[in-house]
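1. predicted coordinates and the sequence they were generated for:
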Amino acid sequence: DAGITQSPRHKVTETGTPVTLRCHQTENHRYMYWYRQDPGHGLRLIHYSYGVKDTDKGEVSDGYSVSRSKTEDFLLTLESATSSQTSVYFCAISESTEATDTQYFGPGTRLTVL
Amino acid sequence: SQQGEEDPQALSIQEGENATMNCSYKTSINNLQWYRQNSGRGLVHLILIRSNEREKHSGRLRVTLDTSKKSSSLLITASRAADTASYFCATDGGGADGLTFGKGTHLIIQP
């Protein structure tokens, strides 16, 4: 999986609790992304980062925040989890945003909010 | 909103047959990529075709791109059971905000 790990791989939590998902890469790639995957919706971009401390919102950013204090780590936080945030979350990395570039995905985190 | 839309949503064929999946998109793109996702796993990049290319091959994969129709197709020849997976097209508009994915085609190869 191109040197990308996600933790935890599975998590069950209760509504209203904070949750942090971690993405760690060993590729030293500049760009990192968080997606969520839901039946009937495909993958949707939550947030992305184009460098340390440089982040921006994606299509479905409400209820999520991110941080990137080191090149290798990109954290996704749900400040107060809701049942609508039950999903599979994927982290991806890419070396650049040039037209020829490819994204590499982590194995995913399955989050269930009860 | 989704940029790419795959068609069909599901496809079941016999091993050895060819599988064709289509992707339509709405706005101009820099490139279009196809990814595969096996059940319970992350997405794996298959092939990228640039906006100035019309056809590209990689092993048993053949991708075409028609920018005038805003559509692409992925052909898998001589299918194998291991090709059973979901296939997604993704478009790159050129910004830093990543790819925009379709909802995928679920391909089942019957032995």
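-> Yep, that arrived.
2. could you use CA atoms for every contact and neighbour count after this?
-> OK.
3. residue ranges with poor pLDDT in the chain?
-> Just going to use chain A. Along chain A, segments meeting pLDDT under 70 span A:1-2, A:97-100.
4. chain B, not that one
-> Low-confidence segments of chain B (pLDDT under 70): B:1-3, B:93-94, B:96.
5. where does the residue of it found nearest chain A land in three-state SS?
-> Scanning chain B for proximity to chain A using CA to the nearest CA identifies residue B:103 as nearest, at 4.0 Å. Judged by DSSP: H, G, I helix; E, B strand; the rest coil, the three-state class of residue B:103 is coil.
6. OK, contacts around the residue lying closest to it once chain neighbours are set aside?
-> Excluding the flanking residues, the one nearest residue B:103 by CA to CA, 6 or more residues apart in numbering or on different chains is residue A:42, at 4.0 Å. Contacts for residue A:42 (CA atoms under 8 Å, 6 or more residues apart in numbering or on different chains) come out as B:101, B:102, B:103, B:104.
7. what's the closest non-adjacent residue to the second one?
-> Going back to what we said before, that points to residue B:102. Distances taken as CA to CA, 6+ apart put residue B:4 closest to residue B:102, at 4.3 Å, once the chain neighbours are dropped.
8. the one you found and residue B:100 touch, don't they?
-> Yes - Residue B:4 lies in contact with residue B:100 (CA atoms under 8 Å); the separation is 7.0 Å.
9. just the element for residue B:57, please.
-> strand B:55-58 (DSSP states H and E).
10. helices or strands up against that strand?
-> For strand B:55-58, the packing partners by 3 or more CA pairs under 8 Å, 6 or more residues apart in numbering or on different chains; DSSP states H and E come out as strand B:43-50, strand B:61-66.
11. so how far is residue B:32 from the residue nearest to residue B:103?
-> Relative to residue B:32, residue A:42 is positioned 16 Å away (CA to CA, to the nearest Å).
12. swap in residue B:24?
-> Counting by CA to CA, the gap from residue B:24 to residue B:32 is 10 Å.
13. more neighbours, those two?
-> Using other CA atoms under 10 Å in any protein chain shown as the criterion, residue B:24 and residue B:32 rank with residue B:32 on top: 28 against 21.
14. what's near enough to touch the residue of chain B closest to chain A?
-> A:40, A:41, A:42, A:43, B:2, B:4, B:5, B:6, B:9, B:88.
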